[in-house]
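A.B. asks: Provide a 3D model corresponding to the input given below.
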Amino acid sequence: MSLSKVFLAATAAVALQLPAQAQEQVLNLYSARHYQTDEALYSNFTKETGIRINRVDGDDAGILARLKSEGASSPADVILLVDAARLWRAEQDGLFQPVKSATLDSRIPANLRGKDEGQGGQWFGMSTRARVIIYNKIKVKKEDVATYESLADPKFKGKICIRSGSHPYNLSLFGAMVEHLGAEKAETWLKGVKDNLARDPKGGDTDQIKAVASGECDVAVSNSYYFARMMRSNNPEDRSVVEKVGVVFPNQQTWGTHVNIAGAGVAKYAPHRAAAVKFLEYLSSDSAQSYFANGNNEWPAVPTVKPANPALESLGTFKSETIHVVAVGMNQTKVQQMLDRVGFK
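C.D. replies: Got it, this is the predicted structure:
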């Protein structure tokens with residue numbers, strides 16, 4: 001073979017390798033997480049792997065709508081959502097592809113993963129957050145709000161604050177209550193909670209906590225990390241709120257406290273699948289799991305990882321429910337119909 005032909009063959013071989021090499025250096029992430037603390041999480045992944053992350057931010061509903069619109073031309077590699085019901089909906093809409101990973105299967109508990117029909121999970125929970133009860137320490141006894149069921153007790157009429165019943169965080173809690181109580185009793189409970197509201201549902205979880213501290217209501221429902229964030233705040237106003245309210249992890253004597261998840265999966269048409277799987281495995285690593293806890297006050301999904309977060313340590317350990325998060329997602333339509341029937345906005 002002539003020298004020129006050898007050169008051309010070598011050049012062609014290099015050209016064929018370039019797309020694969022380039023593919024391993026980029027990851028397109030569609031994320032519903034809006035936490036500045038996650039920036040270090042992503043940059044650490046790039047430092048460890050050399051894979052650059054291109055991120056598209058949006059809320060869960062917006063990301064799902066975008067993925068449906070883009071279809072097979074979507075550049076998304078990883079979809080990161082912050083609610084079990086949204087992850088289940090994305091799975092139902094065929095937006096994920098299965099991932100067979102010994103690392104993920106061994107580290108993420110089975111009840112925090114999407115369905116696996118033998119080819120691998122569709123998505124994986126990466127962090128957890130508890131749906132806790134906040135109460136005014138002067139007006140309410142802790143033992144009187146020891147369960148979610150107590151929120152429907154007539155003695156709390158006009159004393160409860162909560163964000164919209166149709167918000168994903170509440171839909172997931174209510175979906176869990178359907179699993180625990182059955183549909184008929186769960187609807188009766190929802191009507192009781194609605195009848196006890198101090199005002200129409202509005203605002204976010206932080207607003208509910210502040211409403212209890214200000215006396216607008218005596219009891220509220222919030223995700224745990226909102227309260228933990230205020231515990232760690234240097235803002236005097238936040239510190240004042242924390243001093244006035246208490247926190248209950250409900251149903252410790254029965255099925256345990258409801259926990260929701262933030263989770264991720266590989267997009268159905270991911271152009272950089274290998275990088276996507278590597279990213280999911282990275283999110284399950286000890287370092288990333290610790291960062292979820294220490295950076296955003298969530299609990300690790302991997303049970304062997306113990307957070308070094310003073311707020312979480314102060315809140316203490318608790319018994320969490322063990323129902324599969326897929327069941328929570330499957331109940332969403334049923335729950336929304338219940339909310340409409342009882343007039344829970």
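A.B. asks: Quick check: what element follows the helix or strand containing residue 179 along the chain?
C.D. replies: Per DSSP states H and E, residue 179 falls inside helix 168-181. Next along the chain after helix 168-181, taking DSSP H and E as the criterion, comes helix 183-195.
A.B. asks: just to revisit the earlier point, just the CA trace of the helix holding residue 179, in PDB.
C.D. replies: Only the C-alpha atoms of helix 168-181 are listed here, as PDB (Å, rounded to 0.1, in the frame of the first residue of the first chain):
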ATOM      1  CA  PRO A 168     -47.800  17.600  42.800                       C
ATOM      2  CA  TYR A 169     -46.500  17.500  46.400                       C
ATOM      3  CA  ASN A 170     -50.000  17.300  47.700                       C
ATOM      4  CA  LEU A 171     -51.300  15.000  44.900                       C
ATOM      5  CA  SER A 172     -48.500  12.600  45.900                       C
ATOM      6  CA  LEU A 173     -49.400  12.700  49.600                       C
ATOM      7  CA  PHE A 174     -53.100  12.300  48.800                       C
ATOM      8  CA  GLY A 175     -52.200   9.400  46.500                       C
ATOM      9  CA  ALA A 176     -50.400   7.700  49.300                       C
ATOM     10  CA  MET A 177     -53.400   8.200  51.600                       C
ATOM     11  CA  VAL A 178     -55.500   6.400  49.000                       C
ATOM     12  CA  GLU A 179     -53.100   3.400  49.300                       C
ATOM     13  CA  HIS A 180     -53.200   3.500  53.100                       C
ATOM     14  CA  LEU A 181     -56.900   4.200  53.700                       C
END
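A.B. asks: which residues sit against it?
C.D. replies: Under the contact criterion C-beta atoms under 8 Å, 6 or more residues apart in numbering, helix 168-181 has outside partners 60, 82-86, 131, 148, 162-165, 186, 189-190, 205, 221, 223, 254-255, 258, 260, 321, 323, 327-332, 334-336, 338-339. Any C-beta I mention is one placed from the backbone N, CA and C, and that applies to glycine too.
A.B. asks: Tell me the buried residues within the residues you listed.
C.D. replies: With neighbours counted by 16 or more other C-beta atoms under 10 Å, these contain buried members at 60, 82-86, 131, 148, 162-165, 186, 189-190, 205, 221, 223, 255, 258, 260, 321, 323, 328-332, 335-336, 338-339.
A.B. asks: For residue 133, grab the count of nearby residues.
C.D. replies: Number of residues near residue 133 (other C-beta atoms under 10 Å) recorded here: 25.
A.B. asks: ok, the nearest residue to it once chain neighbours are set aside to residue 151 distance?
C.D. replies: By the measure of C-beta to C-beta, 6 or more residues apart in numbering, the closest residue to residue 133 outside its immediate chain neighbours is residue 248, 4.3 Å from it. For residue 248, the distance to residue 151 (C-beta to C-beta, to the nearest Å) stands at 11 Å.
A.B. asks: list the residues that contact both of those two?
C.D. replies: Contacts common to residue 248 and residue 151, judged by C-beta under 8 Å, 6+ apart, are 133, 145.
A.B. asks: Any buried residues in the helix or strand harbouring residue 290, and which?
C.D. replies: Element membership of residue 290 [criterion: DSSP H and E] is helix 286-296. Across helix 286-296, burial judged by 16+ other C-beta under 10 Å covers 288-296.
A.B. asks: what do you get for stretch 222-234?
C.D. replies: 222-231.
A.B. asks: Could you export that stretch as PDB, CA atoms only?
C.D. replies: Extracted C-alpha coordinates of stretch 222-234, given in PDB (Å, rounded to 0.1, in the frame of the first residue of the first chain):
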ATOM      1  CA  SER A 222     -44.800  21.200  54.100                       C
ATOM      2  CA  ASN A 223     -42.000  19.400  52.600                       C
ATOM      3  CA  SER A 224     -39.200  18.900  55.100                       C
ATOM      4  CA  TYR A 225     -36.500  20.600  53.200                       C
ATOM      5  CA  TYR A 226     -38.300  23.900  53.200                       C
ATOM      6  CA  PHE A 227     -38.200  23.900  57.000                       C
ATOM      7  CA  ALA A 228     -34.600  22.600  57.200                       C
ATOM      8  CA  ARG A 229     -33.600  25.500  54.900                       C
ATOM      9  CA  MET A 230     -35.100  28.000  57.300                       C
ATOM     10  CA  MET A 231     -33.400  26.200  60.200                       C
ATOM     11  CA  ARG A 232     -30.000  26.800  58.500                       C
ATOM     12  CA  SER A 233     -30.800  30.400  57.500                       C
ATOM     13  CA  ASN A 234     -29.000  33.400  58.900                       C
END
